[in-house]
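Undergrad: Sequence and predicted structure are below.
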Amino acid sequence: MPGMLNNYKVISQEYGTTFVETMPCMICKQTTSIPIPDELFWRWFNGEFVQDVFPDWSVGKRELLISGTHPNCWEKLFESEEA
């Protein structure tokens with residue numbers, strides 16, 4: 001099933017895990033490969049909210065999956081607002 005879906009690209013599926021590549025980060029332009037257990041991947045793929053499918057993941061990791069933005073890049077994006 002490799003191919004582009006929404007904001008990520010399925011790289012491969014093997015041994016019960018789907019490997020997805022995120023869209024490029026809006027700050028550093030790098031992508032990230034994330035392994036997701038197949039059961040969770042399909043729940044998310046079929047429309048369940050990311051926070052419901054991955055409640056044990058940090059907010060930063062869920063945002064990485066949604067938008068491709070790395071947690072440290074997210075902080076850089078908003079650090080000027082904190083000053």
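TA: Alright, I've got the coordinates. None of the values given here were measured: they were computed from a predicted structure. Numbers count the residues shown, from 1 in each chain.

Undergrad: what are the ranges of the helices in the protein?
TA: Listed in chain order, the helices of the chain (DSSP state H) span 38-45, 50-53, 59-67, 71-82.

Undergrad: To Thr18, which of the ones you listed lies closest?
TA: Evaluated over the helices of the chain, closeness to Thr18 peaks at helix 38-45, with 4.1 Å, by C-beta to C-beta. Where C-beta positions appear, they are placed from N, C-alpha and C, glycine not excepted.

Undergrad: Show me what that closest one is packed against.
TA: strand 17-22, helix 50-53 (3 or more C-beta pairs under 8 Å, 6 or more residues apart in numbering; DSSP states H and E).

Undergrad: want to try TSV for the helices of the chain, with mean neighbour count and distance to Thr22 as columns?
TA: Listed next are these as TSV, based on neighbours: other C-beta atoms under 10 Å; distance: least, C-beta to C-beta, whole Å:
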stretch	mean neighbour count	distance to Thr22
helix 38-45	16	13
helix 50-53	14	12
helix 59-67	16	6
helix 71-82	11	12
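
Undergrad: Of all the ones you listed, which one comes closest to Ile11?
TA: helix 38-45 (11.9 Å).

Undergrad: And the contacts of the closest one?
TA: Residues from elsewhere that reach helix 38-45 (C-beta atoms under 8 Å, 6 or more residues apart in numbering): 5, 13, 16-18, 20, 36, 50, 53-54.

Undergrad: from these, which single one is nearest Leu65?
TA: Nearest to Leu65 among the contacts of helix 38-45 is Val50, at 6.2 Å by C-beta to C-beta.
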